[in-house]
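> Kindly generate the corresponding structure for this input.
(one chain, ligands or ions: 1)
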Amino acid sequence: MCGVVAYTGFKEAYPILMSCLKRVEYRGYDSCGVALLDGGDVQSHKDVGAVDDLRSKLEHVSGATGIGHTRWATVGKPNKENAHPHLDCSGRIALVHNGDIDNFMALKDELIKQGHTFTSETDSEVISHLVERYYAGDLREAVIKAITHLEGSYALAVVAADFPGVVVVRKESPLVLGLGEHENFAASDAPALLEFTRRVVYLEDGDLAVLKPESVEIWRAGTRIELPVHQITWNVSELDRVGYPHFMLKEIHEQPRVIRDTLVGRISLTEPRADLPLAAHKPPARLIFIGCGTSYHAALLGQLFVSQISPMPAHAYVASEFDPLPSSLKDAWVVALTQSGETTDTINAIRRAKAAGAWTIGVTNVKESSITRVSDDMLYLQAGPEVSVAATKTFMAQLVAVYLLSLHLAPPPGQLGELIGELRSMPSKVQRLINSQSSIQALVKKLNAYDHLFLIARGINVPVAYEGALKLKEVAYLHAEGCAAGELKHGPFALLGQNTPVIALAPRDAQYPRMLTAIKEIKTRGSPVMAIAFSDDNDIGRYVDDVLTIPVAHGLFSPWLNTVALQLLTYYMAAARNLPIDKPRHLAKSVTVP
Ligand code: G6P
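Residues are numbered from 1 along each chain as shown. Got it, this is the predicted structure:
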């Protein structure tokens, strides 16, 4: 999983490629590189590290056509040799690749026997040698012949020293073209190009394009085709930190706006009703939510919310583990949550759901992403671009979407008005919580003294304990485990003690008395306990060492506020540890490998 970019025009390509690469860095950042056409030669530069590291070592490379890559290692360690671009034996063809070539070992053996010399361990390098095998002046022809050998996924951008442009092609990895005046672009996603153009073309699987400064030709199965030109609506300013020290903090702060925007037009102004513009289809007998990582936690919240408001059966699965029997889902809707719209495990799970007879709804933040091509219907989040690798505002938008969907499909008689009213009040409650950060700051130092912690919850907040633990691991590099409070005594108790603090999510809801019981049991074992509780809860302080308060809300909405409290806590703990908050080690925002 990586980011690819390409430029051809009359300007210096290097600074343009570097800007575009910065924008796709969320897709991987263990190494990066560029190749530019310069005076009949290919100049390639690559290294371990992020885009800014390469930029600091490499002031300028000249050339008006080039390709670039930022890598998240899959095949081959993150080192300079394995970084892209990959060149052919002559050094006159260069290529960048996002995806995985399943049959690369067999291809590599064959190419070595034919005399090709390899310099990396990657699967991608076989493609440059295949292009070399077929290149006789027409790069498009050579790429078409090369890809007939490939099994797997790819978004490729290829240049050759004597070819005046870039050839790009995709299969199961995203690729977008950007159209400019006397210049054209390609990238793994549209926001990467926003600084230079708003006019984009989304390639479909199997499409190949030849980009030259004055022309863009798109080919599908050997025939020239035209594809629609889309206007990107996101603003370039949304891609900047606008004064925040990190994108994560900026994105946490954007959540009141995100909730509002995701609700707009989806709750009736006149009646208590959620109105979703879904394609007409027989309503489901049951709902299944799927997702990976943070999106799986949103799926779990969807399942629990439906179960609390209606008798409709609801389930949640980790997308990679979702493998229904044929014809077993004819009465079900499968709701696939993925902020990026590109997660391979989720996309494959949708295909399996359809094969099992389900009606599928994709929920994503990225228009025209891959999920739109496999789902029967779509629901778009309105979070705006999320740059930080850790999902925060897109998780919040997913919660808005799954709650709306649940209220639309399974409206609880007698309760709908109250729940819709609470939905409307959430932006201001989240804003109030964001504005009152002083108590969070005080706890940061205390919790940062530990190496392990548990987060416990009951009922609808259990997925929030999981999500809080995930955030602490990925951003603050702290070993944290989320646990249903009742489960603690079945094993984790052995780890409790003065060196293992516990964060208890304790909103005053139906579960509250049982949560107090769990807290007392934990205190008996000597662990420090911090509670996240409603601001009007004057009792909780008697049972715990510290309290972080959240605004009072309906119990079913407390997960939203607990989420924000834990996001802020994680952010400030990571900041105090001086960690690379927006780009945690070994992670990537969009995981396009199975
Ligand atoms: C990666 C990201 C996570 C995200 C997960 C699923 O692991 O780092 O933040 O939750 O992928 O991504 P998706 O785009 O499907 O929501």
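
> from the stretch 101-250 of the chain, which residue is nearest to the ligand?
Taking Cβ to the nearest ligand atom, the ligand has its nearest neighbour within the stretch 101-250 of the chain at Met248, 11.1 Å off. Using the backbone N, CA and C atoms, a C-beta is placed for each residue, glycine as well.

> And stretch 327-344, end to end?
Its start and end residues considered, stretch 327-344 measures 23 Å (Cα to Cα, to the nearest Å).

> Spatially nearest residue to the residue of the stretch 101-250 of the chain closest to the ligand, not counting backbone neighbours?
Ser388 (4.0 Å; Cβ to Cβ, 6 or more residues apart in numbering).

> State the number of residues packed around the one you found.
24 (other Cβ atoms under 10 Å).

> picking that back up, Validate this expectation: the residue of the stretch 101-250 of the chain closest to the ligand resides in a helix.
Yes: per DSSP: H, G, I helix; E, B strand; the rest coil, Met248 lies within a helix segment.

> Now for it: which residues touch it?
For Met248, the contacting residues are Ser388, Ala390, Thr392, Val475, Gln567, Tyr571, Ile581, Asp582, taking Cβ atoms under 8 Å, 6 or more residues apart in numbering as the criterion.

> how's this structure carved up into domains?
With domains defined by automatic domain parsing, the chain comprises 3-237, 246-431, 436-594.

> tell me the mean pLDDT for the longest one?
Yep, that's domain 3-237 we're talking about. pLDDT averaged over domain 3-237 equals 95, rounded to a whole number.

> Distance-wise, check Val475 relative to Arg170.
Distance check for Val475 against Arg170: by Cβ to Cβ, to the nearest Å, it reads 32 Å.

> How many residues are close by the residue of the stretch 151-300 of the chain found nearest the ligand?
Of all residues in the stretch 151-300 of the chain, the one sitting closest to the ligand is Gly293 (2.9 Å; Cβ to the nearest ligand atom). Residues within reach of Gly293, counting by other Cβ under 10 Å, total 22.

> And Gln231, by the same measure?
8.

> Distance check, Val176 against Glu110.
For Val176 relative to Glu110 (Cβ to Cβ), the value is 33 Å.

> Which one's more surrounded, these two?
Between Val176 and Glu110, counting by other Cβ under 10 Å, Val176 is the more crowded of the two (24 against 15).

> That one reaches Leu194, doesn't it?
No: because the distance of 10.9 Å does not satisfy Cβ atoms under 8 Å, Val176 is recorded as not touching Leu194.

> Output the set of residues of the chain in proximity to the ligand.
Residues of the chain that fall close to the ligand, judged by Cβ under 6 Å from any ligand atom: 292-295, 338-340, 343, 346, 389-391, 587, 589-591.

> Tell me the pLDDT of the closest residue to the ligand within the stretch 451-594 of the chain.
Using Cβ to the nearest ligand atom, the closest approach of the stretch 451-594 of the chain to the ligand is made by Val591 at 4.6 Å. According to the model's per-residue confidence, Val591 sits at a pLDDT of 78.

> can I assume it sits in a strand?
No: read with three-state DSSP, Val591 is coil and lies in no strand.

> I'd like to know how far it sits from Asn98.
Using Cβ to Cβ, one gets 12 Å for the distance from Val591 to Asn98.

> residues making contact with the helix or strand harbouring Ile434?
Mapping Ile434 onto the secondary structure by DSSP states H and E places it in helix 416-435. The set of residues external to helix 416-435 that reach it, using Cβ under 8 Å, 6+ apart, is 252-253, 255-257, 259-260, 263, 267, 272-274, 309, 396, 400, 403-404, 407, 412, 550-551, 553-554, 556-557, 560-561, 564-565, 568.

> tell me the contacts of the nearest residue to Asp38 once chain neighbours are set aside?
Nearest-residue entry for Asp38: Gly63, 4.0 Å, with adjacent residues in sequence omitted and distances by Cβ to Cβ, 6+ apart. By Cβ under 8 Å, 6+ apart, the contact list for Gly63 reads Glu12, Ala13, Tyr14, Leu36, Leu37, Asp38, Gln43.

> Out of these, grab the one that's most surrounded.
Among those, Ala13 has more neighbours than the rest - 28 neighbours, counting by other Cβ under 10 Å.

> I'd assumed Met396 was in contact with Ala298.
No: counting by Cβ under 8 Å, no contact exists between Ala298 and Met396, whose distance comes to 9.1 Å.

> Those two - which one has more neighbours?
The neighbour comparison of Ala298 against Met396 (other Cβ under 10 Å) goes to Ala298, with 32 against 27.

> so is that one in a helix, a strand, or just coil?
With three-state DSSP as the basis, the three-state label of Ala298 is helix.

> Over to Ala157?
Criterion first, three-state DSSP; result for Ala157: strand.

> Quick check: the gap between it and Asn98.
Taking Cβ to Cβ as the measure, Ala157 falls 9 Å from Asn98.

> tell me, what's touching those two both at once?
Counting by Cβ under 8 Å, 6+ apart, the residues touching both Ala157 and Asn98 are Val4.

> What segments of the stretch 301-450 of the chain are strands?
With strands called from DSSP state E, counting those that start in this stretch, the stretch 301-450 of the chain shows them at 314-318, 332-337, 359-364, 377-380.

> Columns mean neighbour count on top of the ones you listed, output as a markdown table?
Formatted as a markdown table, those follow (neighbours: other Cβ atoms under 10 Å):
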| stretch | mean neighbour count |
| --- | --- |
| strand 314-318 | 21 |
| strand 332-337 | 28 |
| strand 359-364 | 26 |
| strand 377-380 | 18 |
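
> and the ones you listed as TSV, adding distance to Thr148 and mean pLDDT?
Compiled in TSV, the strands of the stretch 301-450 of the chain are given as follows (distance: least, Cβ to Cβ, whole Å; pLDDT from 0 to 100):
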stretch	distance to Thr148	mean pLDDT
strand 314-318	35	98
strand 332-337	32	97
strand 359-364	31	97
strand 377-380	33	95
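
> Of these, which is nearest Leu447?
Relative to Leu447, the nearest member of the strands of the stretch 301-450 of the chain by Cβ to Cβ is strand 314-318, separated by 28.0 Å.

> orientation of that closest one relative to strand 332-337 in degrees?
Following axes from the mean of the first three to the mean of the last three Cα atoms, to 10 degrees, one obtains 50 degrees for the angle between strand 314-318 and strand 332-337.

> who touches strand 314-318?
Against strand 314-318 from outside (Cβ under 8 Å, 6+ apart): 286-292, 296, 299-300, 302-304, 306-307, 349, 406.

> in the helix holding Ile434, what's buried?
By neighbour count with 16 or more other Cβ atoms under 10 Å, helix 416-435 contains the buried residues Leu416, Leu419, Ile420, Glu422, Leu423, Met426, Pro427, Lys429, Val430, Gln431, Leu433, Ile434.

> would a markdown table of these with pLDDT and distance to Asn365 be doable?
Supplementary listing: the buried residues of helix 416-435 in a markdown table, determined by pLDDT from 0 to 100; distance: Cβ to Cβ, whole Å:
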| residue | pLDDT | distance to Asn365 |
| --- | --- | --- |
| Leu416 | 91 | 27 |
| Leu419 | 94 | 24 |
| Ile420 | 93 | 23 |
| Glu422 | 94 | 23 |
| Leu423 | 93 | 19 |
| Met426 | 95 | 18 |
| Pro427 | 94 | 18 |
| Lys429 | 96 | 22 |
| Val430 | 95 | 18 |
| Gln431 | 94 | 21 |
| Leu433 | 94 | 22 |
| Ile434 | 93 | 20 |
